[in-house]
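Chemist: Predicted model and sequence below, questions to follow.
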Amino acid sequence: MSPRKLIPILALTAALLPGLAAAQRVEVRLEDRTLGRSIPLHHFDGRLYAAGEPGHRYAIRVTNRTGERVLAVVSVDGVNVVTGQTANPGQSGYVLDPWQSTTINGWRKNLSEIAAFNFAPLPESYAARTGRPDDVGVIGVAVFEEQRYYPQYDDEIALSRRAPAAEPYAGAQPAAPSTRDQAAAEAASGIPGRERSEEKLGTGHGEREWSQARQTQFVRASSQPAEVNAIWYDSRRNLIAAGILPPPYRHYAEQGDARPFPGFVPDPW
């Protein structure tokens, strides 16, 4: 997509947060809305993983860490959360003002409603129900900087209504995985032949909720994103089975050693 084309973009009403000194332009976090707390992110072989609780509603928290406006094109399970199209960085997204933080609670249905994100078994995910199950289990945010030079508005009105052409995006291709990473990815992806503890987790199309948005315009500085953030997710049980998360710690005493009431207090040696 040409950086000079204008497309309608959604900007959520959101609180402003103070800037954070970091190399990333945008910080992406997940929140468990059912429990009312953040979902921890775990590093494994160069990727970030999150453990979701089946049936829980969740949200994507996006924070602009720069002093300029940015465009965040958000995908869940390979589907654009605004348009419902198979995700491509050239599509519509959310515009964040300098230092702004916003919470994306679901699939955008119109300018006042969303369908809530919820962790669901793969067959019940929105992507699978719409015939696109291949990329279930990953959340992506492609970040674009804004063009500082603006063309004449009258010359761009017709282009603003034209859907961007889908283009191959080389930056979205992951680096060749290590053997360990490949094994973990296969275990977490539901590939036949890998033993799994339970159904792979995806994102469902939940109940409608009020979520006010407005349209704005944004001229991209480049046709390629300045950065791409990604979080892979699955159930905790599946991530443990894949070796991505450690098993819960349990201390087992040797059989016969531990007694709840061993007797009177002896003198120390």
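Modeler: Yes, it's here.

Chemist: going forward, measure contacts and count neighbours with C-alpha atoms only.
Modeler: Fine.

Chemist: now residue 92, what's its secondary structure?
Modeler: At residue 92 the chain is in coil, as set by DSSP: H, G, I helix; E, B strand; the rest coil.

Chemist: can you give me the strands in the stretch 1-150 of the chain?
Modeler: Counting by DSSP state E, counting those that start in this stretch, the stretch 1-150 of the chain has strands at residues 7-12, 26-32, 37-39, 41-44, 47-52, 58-64, 70-76, 79-80, 94-96, 101-104, 106-108, 113-121, 138-145.

Chemist: Show me what the last one packs onto, helices and strands only.
Modeler: Okay, so that is strand 138-145. strand 70-76, strand 227-235 (3 or more C-alpha pairs under 8 Å, 6 or more residues apart in numbering; DSSP states H and E).

Chemist: Switch those strands over to CSV; also include distance to residue 208, mean neighbour count and mean pLDDT.
Modeler: Shown next, in CSV, are these (distance: least, C-alpha to C-alpha, whole Å; neighbours: other C-alpha atoms under 10 Å; pLDDT from 0 to 100):
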stretch, distance to residue 208, mean neighbour count, mean pLDDT
strand 70-76, 17, 27, 96
strand 227-235, 23, 21, 96
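
Chemist: Now distance to residue 108 too, for those strands, in CSV please.
Modeler: Shown next, in CSV, are the helices and strands packed on strand 138-145 (distance: least, C-alpha to C-alpha, whole Å):
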stretch, distance to residue 108
strand 70-76, 11
strand 227-235, 20
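
Chemist: which stretch among those comes nearest residue 146?
Modeler: Closest to residue 146 of the helices and strands packed on strand 138-145 is strand 70-76 (C-alpha to C-alpha; 6.1 Å).

Chemist: mind listing what that closest one pairs with, with the direction of each?
Modeler: strand 79-80 (antiparallel), strand 94-96 (antiparallel), strand 138-145 (antiparallel) (DSSP bridges).

Chemist: Can you check which of those strands gets nearest to residue 132?
Modeler: When the strands paired with strand 70-76 are compared (using C-alpha to C-alpha), the closest one is strand 79-80, at 8.4 Å.

Chemist: lowest-pLDDT helix or strand in this structure?
Modeler: Lowest on mean pLDDT, DSSP states H and E among the helices and strands of the chain sits helix 179-188, with a mean of 42.

Chemist: Can you tell me the strand partners of the following helix or strand past that helix and which way each runs?
Modeler: Downstream of helix 179-188, the first helix or strand assigned by DSSP states H and E is strand 201-210. For strand 201-210, the paired strands and their directions (DSSP bridges) are strand 113-121 (antiparallel).

Chemist: which residues sit against the partner strand?
Modeler: Outside of strand 113-121, the residues that reach it under the criterion C-alpha atoms under 8 Å, 6 or more residues apart in numbering are 52-59, 105-109, 199-212.

Chemist: of these, buried ones?
Modeler: For the contacts of strand 113-121, a burial check counting by 16 or more other C-alpha atoms under 10 Å picks out 52-55, 57-59, 105-109, 199-206, 211.
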